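Colleague: just the structure for this:
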Amino acid sequence: MKTSQLSITTIIVFLLLCTTDLLNAQPVQLADNEEIGEYHFSKNGTCITVEKQQEIEQKIKENVAHLRAIGKLKTAQEQQKSAAVTLEWPLKQAAGYNDYGYHGIGGFVDHNPNANSLEDYNCGDRTYDVPSYNHTGTDYYIWPFAWHKVDNNVVEIVAAADGTIVYKMDGNPDENCSFEDPNWNAVFVQHSDGSTAWYGHMKEGSLTSKAVGSSVTTGEYLGIVASSGSSSGSHLHFEIRDNNDNIIDPYGGSCNGSTGSSWWADQRPYYDSGLNHLMTTSASINFPSCPGRATSNASNDFCGGDRVYFYGFFRDCVAGQSNQHTVYRPDNSVFQSWTNTVSSTYSSSLYWSRFYDLPSSPMNGIWRYVIDYEGETYEHSFNVCFTPTVLKVKAKVFLEGAQPTSGQMSTTLNSNLPSAQPYNTAPWNYNGSETVSGTMPSNIVDWVLVEASDANFNVLEKRAALLRNDGVLLDTDGTVGVNFSSLVTGSSYHLTIRHRNHLAVVSSNMVSLPNGSNYDFSATANVLSGNSQLATSNGIRCLHAGDCNADGIISIADFNGFLDNLSNNGYDNSDFSLDNTVSTGDFNLFRPNASVIGVREVRF
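Modeller: Below you'll find the predicted structure:
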């Protein structure tokens, strides 16, 4: 571990936060510079009382009967003939928020009917019960800074499947920290097969304005995660019942007797290990008991002699896993690095923190705090004695799937483009906040990710940008060029263009920035190994379509991804032709590009 240029004062804080019951715990002092604190999931209450369940069931039955009578719902016989629904993830971050993650699992469905005997779908014990109650849904709690996220409507509850609203409950307090209030805010959606999804513990007044009897589509907004009803912290209680009110656990596993297979379109792993958030602060974070708001002391601006605290917030941590922390100076030299290893058997959420004092004369510029965990890399930037200057990166690129003709690409996908940049998931893990305010301009083809690297292809900064139909990159305000803030005026960089399902390319030349004219990635000589890295469509050199997993190799894995999503509609990474539908036309683009490999510098 490097110790040069340091006033060596180091604190390690290691806290295990296990569930929605975020009560204060006494830290255990392990050494002079280390302490551990643990939080336990409360097992002394119910998400919803039996009496309240029965009341809700009766209300839903009454509403369903009425909706069938007026023709807004299928009959029970018609529903029995319908195919079983497939569920999508019921949570999302609101537009403008792009954290790496935001949740933890508080508990799955309990499949053991005996009191004080636990069994989840995977034959584990990640669930809970109390006398006369077995947990009947899945609890997704918000982590970290749950109450700040509630206040700012950050985590949205969305429909997991198409359906019809059959009941709503609102007007109840939403900052509860105990199991004493049975009245929650909730939305209940019945699907085409007669099953019903219960979405509980919502924020008061946040529920969709749609009335009972209205249709909702997969991914449509239903409300905000909070802590109404019998609840010890902000979380979503997500419950599925069949048309006979039997509990259905949607997770496929050997100890799930409620269904023969997973109901999820893409079931997440039992241990969904990942990093939710990393940050720098000017002081340690204070986490008060529920419902107190944490004092984050967040800061991204420091100078010589300042103390910088580095925080990483993790989920689903399993014994033996390690995470590597590295702090880089602006020239990519390592200021400090350390490794933490999970020693507990399992923790649904934890954070580690260290602080270091900056030297009196640090290297000025943009520093990076990077965490490598379970095969993924996460990054946070902060300023040291540096006032960022925005400079423009201008570039031009074409996508094969958008069928460039006479210098123009198709904009068929435009109506389904997200307002926020889509590169905040693996393998890109870019947490930039680029968002289009208002309506997406009609001449935009899609989002791309632009990276600026040094001579050794170390990425120094990245930005999401809009791709206009003539190939020109725009910033989110619609101006030509992409705004970068941590690059040095007059210096030269390699530029990389990445797309969700096209092979990434990197410039063959170092480009002096800001550049007055567009760097043209449709010119073979401008692209590293350009002849092999560019396809040709109607005489225009363009990025190869077909890399739906964005690993830099068009392979059988991409074909399998195409097959898994065949006939899907909307914004889908397997839609190589960017026409809103995964179809044989996408296979026709994939086939001639199969086995094309991106240069080493762009592969993940």
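
Colleague: remind me which residues of the stretch 501-604 of the chain are low pLDDT?
Modeller: Within the stretch 501-604 of the chain, no stretch has pLDDT under 70.

Colleague: what does the stretch 351-500 of the chain give?
Modeller: Under the criterion of pLDDT under 70, none of the stretch 351-500 of the chain is flagged as low confidence.

Colleague: swap in the stretch 101-250 of the chain?
Modeller: Applying pLDDT under 70 to the stretch 101-250 of the chain flags no residue at all.

Colleague: could you pull out the buried residues of the longest helix along the chain?
Modeller: Of all the segments assigned as helix in the chain under DSSP state H, the longest by residue count is helix 50-69. Going by neighbour count (16 or more other CB atoms under 10 Å), the buried part of helix 50-69 is K52, Q53, I56, K59, I60, N63, V64, L67. In short, each C-beta sits where N, CA and C put it, glycine included.

Colleague: ok, now stretch 253-262?
Modeller: By neighbour count with 16+ other CB under 10 Å, stretch 253-262 contains the buried residues G253, N256, S258, T259, S262.

Colleague: and which of the residues you listed is nearest A94?
Modeller: Checking the buried residues of stretch 253-262 against A94 by CB to CB gives S262 as the nearest, at 27.6 Å.

Colleague: that closest one contacts D249, doesn't it?
Modeller: No. Applying CB atoms under 8 Å as the test, S262 and D249 come out as separate, 9.5 Å apart.

Colleague: can you read off the pLDDT for N297?
Modeller: Per-residue confidence (pLDDT) for N297: 94.

Colleague: what's the local residue count around it?
Modeller: The number of residues packed around N297, counting by other CB atoms under 10 Å, is 15.

Colleague: for it, give me phi and psi.
Modeller: phi 50, psi 30 (degrees, to the nearest 10).

Colleague: pLDDT wise, what is the residue with the largest distance to the centre of the chain at?
Modeller: Relative to the centre of the chain, the most outlying C-alpha is that of A69, 41.0 Å out, by CA atoms, centre = their mean. Reading off the confidence values, A69 has pLDDT 95.

Colleague: measure it to K168 for me?
Modeller: 19 Å (CB to CB, to the nearest Å).

Colleague: likewise for S507?
Modeller: As defined by CB to CB, S507 lies at a distance of 54 Å from K168.

Colleague: likewise I247?
Modeller: Between I247 and K168 the distance, using CB to CB, works out to 21 Å.

Colleague: those two: who's more crowded?
Modeller: When neighbours are counted by other CB under 10 Å, I247 and K168 differ, and K168 comes out ahead with 21 against 16.

Colleague: so who does the more buried one touch?
Modeller: By CB atoms under 8 Å, 6 or more residues apart in numbering, the contact set of K168 is A186, V187, F188, L207, A211, V212.

Colleague: tell me which element it falls in.
Modeller: Secondary-structure element containing K168, defined by DSSP states H and E: strand 163-169.

Colleague: mind saving the C-alpha coords of that strand as CSV?
Modeller: Taking C-alpha atoms only, strand 163-169 is exported to CSV below (Å, rounded to 0.1, in the frame of the first residue of the first chain):
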residue,chain,number,x,y,z
GLY,A,163,-53.0,-5.3,-16.1
THR,A,164,-56.0,-3.4,-14.7
ILE,A,165,-56.1,-1.5,-11.4
VAL,A,166,-58.6,-3.3,-9.2
TYR,A,167,-58.0,-1.4,-5.9
LYS,A,168,-56.1,1.5,-4.4
MET,A,169,-55.4,2.7,-0.9
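
Colleague: quick one: that strand to helix 50-69, angle?
Modeller: Relative orientation of strand 163-169 versus helix 50-69 (axes from the mean of the first three to the mean of the last three CA atoms, to 10 degrees): 140 degrees.

Colleague: partners of the helix or strand following strand 163-169 in the sheet?
Modeller: Per DSSP H and E, strand 163-169 leads on to strand 186-190 as the next helix or strand towards the C-terminus. Strands flanking strand 186-190 in the sheet, each with its direction: strand 163-169 (antiparallel), strand 196-200 (antiparallel) (DSSP bridges).

Colleague: who's in contact with strand 186-190?
Modeller: If you take CB under 8 Å, 6+ apart as the criterion, strand 186-190 is touched by 56, 60, 64, 73, 157, 159, 161, 163-169, 196-202, 207-208, 216, 222-223, 228-229.

Colleague: swap in stretch 133-140?
Modeller: Here stretch 133-140 has contacts from 19-20, 46-50, 53, 90-91, 103-110, 112-113, 127-129, 198, 200, 225, 235-240, 247, 249-251, using CB under 8 Å, 6+ apart.

Colleague: show me just the buried residues among these.
Modeller: 19-20, 46-49, 53, 90-91, 103-110, 127-129, 198, 200, 225, 235-240, 247, 249-251.

Colleague: next, give me the two most distant ones among the buried residues of helix 50-69.
Modeller: If you compare every pair in those using CB to CB, the most distant one turns out to be K52 and L67, at 22.1 Å.

Colleague: D99 should be in a helix, yeah?
Modeller: No. If the criterion is DSSP: H, G, I helix; E, B strand; the rest coil, then D99 is coil and not within a helix.

Colleague: was I right to think it contacts N276?
Modeller: Yes. At 6.4 Å, D99 and N276 qualify as touching, with contact defined as CB under 8 Å.

Colleague: and E601, what are its phi and psi?
Modeller: The main-chain torsion angles of E601 are listed as degrees, to the nearest 10 and equal phi -70, psi -20.

Colleague: could you dump the buried residues of stretch 253-262 to JSON lines with distance to V318, secondary structure and pLDDT?
Modeller: Output for those, formatted as JSON lines (distance: CB to CB, whole Å; DSSP: H, G, I helix; E, B strand; the rest coil; pLDDT from 0 to 100):
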{"residue": "G253", "distance to V318": "17", "secondary structure": "coil", "pLDDT": "97"}
{"residue": "N256", "distance to V318": "21", "secondary structure": "coil", "pLDDT": "97"}
{"residue": "S258", "distance to V318": "26", "secondary structure": "coil", "pLDDT": "95"}
{"residue": "T259", "distance to V318": "26", "secondary structure": "coil", "pLDDT": "93"}
{"residue": "S262", "distance to V318": "21", "secondary structure": "coil", "pLDDT": "97"}
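
Colleague: and the residues you listed, which two are furthest apart?
Modeller: So, the buried residues of stretch 253-262 by CB to CB: farthest apart are S258 and S262, at 11.4 Å.

Colleague: quick one: contacts for F576?
Modeller: Residues touching F576, when contacts are defined by CB under 8 Å, 6+ apart, comprise G401, N501, H502, A545, G546, C548, F562, D586, L589, F590.

Colleague: and for the third one, the neighbour number?
Modeller: Think H502. H502 has 30 nearby residues by other CB under 10 Å.

Colleague: and the second one, by the same measure?
Modeller: Summarising burial for N501: neighbours were counted as other CB under 10 Å, giving 29.

Colleague: again with the first one
Modeller: In terms of burial, G401 registers 30 neighbours under the definition other CB under 10 Å.

Colleague: tell me what the nearest residue to it once chain neighbours are set aside is bridged to.
Modeller: With CB to CB, 6 or more residues apart in numbering as the measure, A545 is the residue that lies nearest to G401, at 4.0 Å, once sequence neighbours are left out. In this structure, A545 bridges to H502 when assessed by DSSP bridges.

Colleague: now A545: how far from L503?
Modeller: Using CB to CB, we find A545 at a distance of 8 Å from L503.
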